[in-house]
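In: kindly return the folded structure for what I paste below:
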Amino acid sequence: MKKIKIITDSTVALAPGIAEELDITIVPLSIMIDGTIYSDDQLSGEEFMKLMAEAHELPKTSQPPIGLFLETYDQFADEDTQVLSIHVAQMLSGTPEAARQAANMSKADVVAIDSGFVDQALGFQVVKAAQMAKEGATREEILATLEEIKMHTTLFIGISTLDNLVKGGRIGRTKGMISSFLNIKAVLEMTLAGSLDPVAKGRGTKTFVKWFNEMKETLVNGPTLAAIGISHADNLAFANQMATQLREMFPNIPVTVLHTASAVATHTGPGAFALEFYTKA
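Out: Below is the predicted model of the structure:
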């Protein structure tokens, strides 16, 4: 039976120690801050937020080069190994396309896929794939399961300022927003159709609280949850507040709180959070 090697990129958010425990290889994006280039795995989320706050210009992110993917894949070019490379949504980054090109060039047996998501929502697929690989599942079995998870995943992003998203080109000013007020607070839903759709907007933190209270009702009355992730960009207090309430509501469901990756925080800006979950098929 062939061994399945799982590879992903650094836009993923994983609990500490999980990558090592499940033998997941993470290929880093890079970030340029005022002319200095950092690998995404060089900085903690907290360190990056401090550097971004002090920067003269918005940091710029770059996908891993094809050569880095190729070098990574070729390490697993043996008869007994198949590679499954799972990546951030194409709508957010050229990373999955770079991975696919490298897969076509590699000496290894590689399948590279677009997860449709980012952060912990990407992590749901990566962790499940690695767990199944460890249990001896085939790549085809893993891919079928990942498609189920993808179709049952929801990702909401709370933004305290739209400035970073607009400057980074990740959202247009006509996307149902009030274009002249970039300090508006908004909750966006990331869709598999490739868009960030506004579901709530307002001027104060009560915007987030009101939306979250309504979302709790939706979760209680919705399909059975498999996992919940809460990520943040320098907004631990609100992330913990949500987590505490959700753990009380769903004591048997894992609720993980993490700081989002630097490459993601670049575009969400400070004060952002994400609520992401998937339900059982």
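In: quick one: stretch 135-144 to chain centroid distance?
Out: Relative to its chain's centre, stretch 135-144 lies at 22 Å (Cα atoms, centre = their mean, to the nearest Å).
In: other residues contacting that stretch?
Out: If you take Cβ atoms under 8 Å, 6 or more residues apart in numbering as the criterion, stretch 135-144 is touched by 1-2, 4, 82, 84, 111, 113, 128-129, 132-133, 145. Every C-beta, even on glycine, is put in place using the N, C-alpha and C of the backbone.
In: could you identify the most distant pair in these?
Out: Using Cβ to Cβ, the contacts of stretch 135-144 span at most 21.4 Å, a distance reached by 1 and 113.
In: scan the contacts of stretch 135-144 and report the most crowded one.
Out: Highest neighbour count within the contacts of stretch 135-144, by other Cβ atoms under 10 Å: residue 129, with 28 neighbours.
In: contact partners for that residue?
Out: Residue 129 makes contact with 4, 6, 84, 86, 142, 145-146 under the criterion Cβ under 8 Å, 6+ apart.
In: inside helices: which ones of the contacts of stretch 135-144?
Out: Of those, the ones assigned to helices by DSSP state H are 128-129, 132-133, 145.
In: of all those, which comes closest to residue 201?
Out: Distances from residue 201 to those, taken by Cβ to Cβ, are shortest for residue 128, at 33.2 Å.
In: confidence score at the closest one?
Out: You'll see residue 128 listed with a pLDDT of 98.
In: verify the contact between it and residue 148 for me.
Out: No - the criterion here is Cβ atoms under 8 Å, and residue 128 misses it with residue 148 at 9.5 Å.
In: and the helices in this protein?
Out: Here the chain has its helices, by DSSP H, at 18-21, 45-54, 66-74, 95-105, 119-134, 139-151, 163-167, 206-221, 236-249, 262-268.
In: format those helices as CSV; extra columns: distance to residue 275.
Out: Formatted as CSV, the helices of the chain follow (distance: least, Cβ to Cβ, whole Å):
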stretch, distance to residue 275
helix 18-21, 20
helix 45-54, 17
helix 66-74, 31
helix 95-105, 23
helix 119-134, 10
helix 139-151, 17
helix 163-167, 17
helix 206-221, 7
helix 236-249, 7
helix 262-268, 13
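In: any idea how far the closest residue to residue 49 other than its chain neighbours is from residue 57?
Out: Leaving out its chain neighbours, the residue that sits closest to residue 49 by Cβ to Cβ, 6 or more residues apart in numbering is residue 234, at 4.5 Å. To residue 57, residue 234 is 19 Å away according to Cβ to Cβ, to the nearest Å.
In: next one: residue 43
Out: 17 Å.
In: settle it for me: which of those two has more neighbours?
Out: More crowded of residue 43 and residue 57, by other Cβ under 10 Å: residue 43, with 19 against 11.
In: quick one: that one from residue 279, how far?
Out: Distance from residue 43 to residue 279, by Cβ to Cβ: 33 Å.
In: what does residue 155 give?
Out: 13 Å.
In: same check on residue 154?
Out: 8 Å.
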